[in-house]
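Undergrad: Here is my input; please provide its structure:
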Amino acid sequence: MTSLPSPRGASVLRAAAFGGIAGLMLGGLGLLGLGVKAVFVPADCTHLSPQECQLLHETDRDLGRVQTLSGGALVALGAALFALTRPRPPTAPDDSSG
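TA: All right, here's what the predicted structure looks like:
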């Protein structure tokens, strides 16, 4: 037979889920910030040739796009998991037998 988890077990599961969600959100925000920085802030090319500088800019831009997409996806996943695991208020009984 399956039984419902004890209140202590449920709180431990909720805390573990909250930790995972917080990790996803923080990691996603960090990756999102790095990606935006790589896309919009050009790299320093003081001691590089023009070809090397162009390669560095293109690489930073392309990796920044991937990081921005991945960070946004992690933030969205964390938000969706938070919405699924948040505690729901008890519902009132339906009194339509009037």
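Undergrad: give the contact list for Phe18.
TA: Counting by CB atoms under 8 Å, 6 or more residues apart in numbering, Phe18 makes contact with Thr85. Every C-beta, even on glycine, is put in place using the N, C-alpha and C of the backbone.
Undergrad: Quick check: it vs Thr85, distance?
TA: According to CB to CB, to the nearest Å, Phe18 and Thr85 sit 8 Å apart.
Undergrad: between the two, what contacts are shared?
TA: Common neighbours of Phe18 and Thr85 (CB under 8 Å, 6+ apart) do not exist.
Undergrad: In the helix or strand of the chain with the lowest mean pLDDT, which residues are buried?
TA: Of all helical and strand segments in the chain, the minimum by mean pLDDT, DSSP states H and E falls on helix 7-40, at a mean of 88. If you call a residue buried by 16 or more other CB atoms under 10 Å, then helix 7-40 has these buried ones: 21, 24-25, 28, 31-32, 34-35, 38-39.
Undergrad: Let me know the closest of these to Cys45.
TA: Of all the buried residues of helix 7-40, Cys45 sits closest to Ala38, with 14.6 Å by CB to CB.
Undergrad: Now do the contacts for the closest one.
TA: Shown in contact with Ala38 (CB under 8 Å, 6+ apart): 60-61, 63-64, 67.
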